[in-house]
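Undergrad: model the structure of this input:
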Amino acid sequence: MDALLETIPDARDGLTRTERIILYVLHETQRELKGRNVPTVMLYGRVVEYVNISEAELHVYLDRLGVRGG
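TA: Predicted structure coming up:
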């Protein structure tokens with residue numbers, strides 16, 4: 001049941017719990033790096049502290065969210 005809740009978009013903005021976590025971690029890491037780009041490996045290492053996803057899954061989420069490398 002818990003895995004199902006991970007995939008259901010929130011009615012407020014259409015983001016899933018995992019997408020929301022990724023965006024939160026990305027934002028916090030960018031603040032820590034004073035606005036610089038966040039390396040994907042660094043982001044992945046921090047995201048897996050919250051959710052169990054593979055690096056390939058993270059890339060799929062980042063593509064879906066429109067997050068692009070610089």
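Undergrad: any chance you could map the helices in this structure?
TA: 2-7, 17-32, 40-47, 55-65 (DSSP state H).
Undergrad: so can I have JSON lines of the ones you listed showing mean pLDDT and mean neighbour count?
TA: C-betas here are computed from N, CA, C, even on glycine. Shown next, in JSON lines, are the helices of the chain (pLDDT from 0 to 100; neighbours: other CB atoms under 10 Å):
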{"stretch": "helix 2-7", "mean pLDDT": "69", "mean neighbour count": "9"}
{"stretch": "helix 17-32", "mean pLDDT": "96", "mean neighbour count": "16"}
{"stretch": "helix 40-47", "mean pLDDT": "97", "mean neighbour count": "17"}
{"stretch": "helix 55-65", "mean pLDDT": "95", "mean neighbour count": "14"}
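Undergrad: for the closest residue to residue 8 other than its chain neighbours, what are its contacts?
TA: Nearest non-adjacent residue to residue 8, counting by CB to CB, 6 or more residues apart in numbering: residue 16, 6.8 Å away. Residues in contact with residue 16, defined by CB atoms under 8 Å, 6 or more residues apart in numbering, are 6, 7, 8, 9, 10.
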